[in-house]
Structure formats: C-alpha cells, structure tokens
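1. need a structure here:
(one chain, ligands or ions: 3)
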Amino acid sequence: MFTIGCHLSSSKGYAAMAKQAASIDANTFQFFTRNPRGGKAKAIDPADVAAFQQLAAESGIVTFLAHAPYTLNPASDKQQTCNFAREVLADDLQRMEATPGQMYNMHPGSHVGQGAEVGIAKIAATLNEVLQAPHTTTLLLETMAGKGSEVGRSFEELAEIIARIDSGLRQQVGVCLDTCHVWDAGYDIASDLDGVLRQFDQAIGMDRLRAIHLNDSMNPCGAHKDRHAAIGAGHIGFDALHAVARHPQLAGLPFFLETPHDTLAGYAEEIARLRAQKMCQLRTVPN
Ligand code: FE
Ligand code: FE
Ligand code: ZN
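-> Numbering: from 1, shown residues only. Ligands and ions are numbered 1, 2, ... in the order given. All right, here's what the predicted structure looks like:
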C-alpha cells in the first residue's frame with residue numbers, strides 16, 4: 001500500500017485532520033503539535049481522539065506524524081533554551097500517548113558555534129531525559145539541510161545522536177528523511193538514489209528509517225538553504241521524487257508532502273499525480 005499525505009493544520013483537532021486527509025485521497029497526515037514557534041499546546045479532547053480513531057479506521061488512516069515546533073533547540077548554548085526544549089519535548093511525548101503507537105518528528109537542533117560534537121551530546125542528553133521506557137511513540141530525528149549550524153546535516157551526525165541514546169530507549173528512535181533537506185545537504189538523490197540509500201544504511205541502518213518528507217528544493221544540491229518547492233517545480237524534479245516514492249527499499253513507509261500550497265487542492269493534485277504514477281507502474285500492459 002502506498003501511504004501518502006501532507007502537512008495539515010491541527011487547529012480543529014484530530015477528527016478534522018482525518019476528514020481533510022480523506023478528502024484529498026491521503027491515508028496519512030502530519031501536523032504541528034503546537035504553534036510552530038513553540039507556544040502552549042491545546043488540551044487533548046478525548047472525544048475528538050475517539051472520533052478520530054473511528055474516522056481513521058473507516059478511511060484507512062493507520063499512521064500520522066506529529067511534528068515538534070521547529071524553533072526548539074536542545075543543542076543551544078543557553079541553558080534556558082535547552083530547558084524549554086526539554087519541557088516541550090517531554091510534554092509533547094506525554095500528549096502523544098493519547099494516540100498510542102504514532103510517530104513524533106523533531107529537528108535535532110543547532111549547535112550555534114559550539115561545534116557539532118557538543119550539539120550532538122546535548123541533543124542526546126535531552127532525549128535520554130524525555131524518552132520514557134513505557135512510551136509507545138517513535139521519536140524521529142529529521143535529516144537537515146545544514147543551514148547555519150544545524151545538527152543532522154549528515155547521516156553520520158544522526159547516527160552519532162542515536163548511538164548516545166540509552167540502549168533501553170534506543171528502539172523508540174528512528175529517522176525521517178526529508179528529500180529537500182538531504183538534497184540541500186549534498187546528497188544527490190536525483191542522479192544516485194541507490195547510492196544515497198546505501199550511505200544511509202551504512203551510517204544509520206535502513207531499519208531506523210520510518211518516514212519520508214517528500215519535497216522538491218528551490219536550490220541546487222549542496223546549497224544548504226532549506227527552501228521547499230512543489231513536487232516537480234524545483235531542482236530535484238518530479239521523476240526523481242517519484243523514484244523515491246516507488247523505491248522498493250522505501251516501500252511501506254509513509255510519505256509526507258511539505259510543499260508550498262495555499263489550498264488543499266494543491267496537495268490533492270500532487271497526491272493524485274504520485275498515486276497515478278504508482279498505478280501505471282502496477283497496471284499490466286498487454287503486449
Ligand atoms: Fe521538519
Ligand atoms: Fe521536513
Ligand atoms: Zn525544511
């Protein structure tokens with residue numbers, strides 16, 4: 001089964017997101033757990049969760065991906081910023097247990113000049129505090145473009161964070177590969193997708209890969225910019241992104257569009273194009 005969806009607004013709750021997803025032929029979705037700049041989270045309504053579970057079962061939605069506010073920085077040189085990141089992550093992971101067995105994605109952080117090693121150590125220390133053995137959520141570290149002092153610009157940096165997670169908690173940690181970010185970080189998924197996946201496997205291990213952010217990039221490979229483009233409207237291109245979506249090693253993973261569209265119709269169109277291409281591939285052509 002091809003699992004694809006897009007980023008949705010969480011302002012009206014879980015059931016509303018399931019309805020929106022179903023309306024654009026998506027069978028998964030992503031949302032911010034709170035204001036992306038890191039405000040207070042809205043209380044979770046158990047009735048909304050129950051309505052969501054029902055709708056999700058009816059429309060074939062099995063997985064969703066919650067995204068942490070992107071301004072959190074557990075690698076900061078300021079104790080207050082690290083504390084804030086730890087509090088929000090701990091609270092978000094607690095809230096995730098209202099919908100057991102789902103996934104939670106975060107940007108690892110930025111070392112702000114302290115060096116990647118210091119950043120990696122600080123991020124791992126925070127994760128060791130916020131991950132809890134009884135939790136059912138998988139925490140995903142996102143591959144980053146390498147803008148500024150972002151940690152996670154290489155597969156090796158993510159592997160290093162994971163290696164520092166307590167062995168009893170490590171099975172709760174995975175990776176979300178963002179196609180725009182890895183491209184901007186210098187991984188040429190357009191001309192050597194197999195090679196990039198081999199590098200991922202060698203550094204991190206394919207079993208850690210749990211989700212894909214499917215985005216085109218406004219910039220050339222290695223630009224370290226992180227500006228997303230609509231599928232086919234950027235430097236990666238439709239064919240290369242389609243090849244990601246149908247790659248046998250990625251089959252079964254959920255794909256999330258974080259492309260710039262003002263309306264749901266833009267996502268509906270991208271999803272239809274990516275789904276149609278899958279159908280074509282599966283259709284038996286009479287010869
Ligand atoms: Fe992200
Ligand atoms: Fe992303
Ligand atoms: Zn991005």
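2. CA atoms for contacts and neighbours, from now on please.
-> Noted.
3. Now do the strands in the stretch 101-250 of the chain.
-> Assigned by DSSP state E, counting those that start in this stretch, the stretch 101-250 of the chain shows strands spanning 103-106, 109-110, 138-142, 150-151, 173-178, 209-214, 216-217, 228-229.
4. Let me have those in TSV, extended by mean neighbour count, mean pLDDT and distance to Asp239.
-> Listed next are the strands of the stretch 101-250 of the chain as TSV, based on neighbours: other Cα atoms under 10 Å; pLDDT from 0 to 100; distance: least, Cα to Cα, whole Å:
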stretch	mean neighbour count	mean pLDDT	distance to Asp239
strand 103-106	24	98	26
strand 109-110	26	98	31
strand 138-142	25	98	23
strand 150-151	26	98	29
strand 173-178	24	99	16
strand 209-214	23	98	12
strand 216-217	28	98	11
strand 228-229	22	98	14
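5. With distance to Phe32 as new columns, can the ones you listed be given to me in a markdown table?
-> A markdown table is the format used below for the strands of the stretch 101-250 of the chain (distance: least, Cα to Cα, whole Å):
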| stretch | distance to Phe32 |
| --- | --- |
| strand 103-106 | 9 |
| strand 109-110 | 17 |
| strand 138-142 | 14 |
| strand 150-151 | 20 |
| strand 173-178 | 15 |
| strand 209-214 | 14 |
| strand 216-217 | 21 |
| strand 228-229 | 17 |
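6. looking at those strands, which is closest to Phe84?
-> strand 109-110 (12.7 Å; Cα to Cα).
7. What is whichever helix or strand Ala51 is part of packed up against?
-> Following DSSP states H and E, one finds Ala51 within helix 46-59. Here helix 46-59 touches helix 14-23, going by 3 or more Cα pairs under 8 Å, 6 or more residues apart in numbering; DSSP states H and E.
8. re earlier: show me the one of the strands of the stretch 101-250 of the chain that comes nearest Val88.
-> Here strand 103-106 is closest among the strands of the stretch 101-250 of the chain (Cα to Cα), at 11.3 Å.
9. Show the contacting residues for Arg119.
-> If you look again at residue 119, you'll see it is Gly, not Arg. Ala75, Ser76, Gly109, Ser110, His111, Val151 (Cα atoms under 8 Å, 6 or more residues apart in numbering).
10. Quick one: the helices in the stretch 51-200 of the chain, in order.
-> 79-96, 116-130, 155-163, 179-185, 193-203 (DSSP state H, counting those that start in this stretch).
11. Give me the distance between the closest residue to Lys19 other than its chain neighbours and Val49.
-> Among residues not flanking Lys19 along the chain, Leu55 sits closest, at 7.3 Å (Cα to Cα, 6 or more residues apart in numbering). To Val49, Leu55 is 10 Å away according to Cα to Cα, to the nearest Å.
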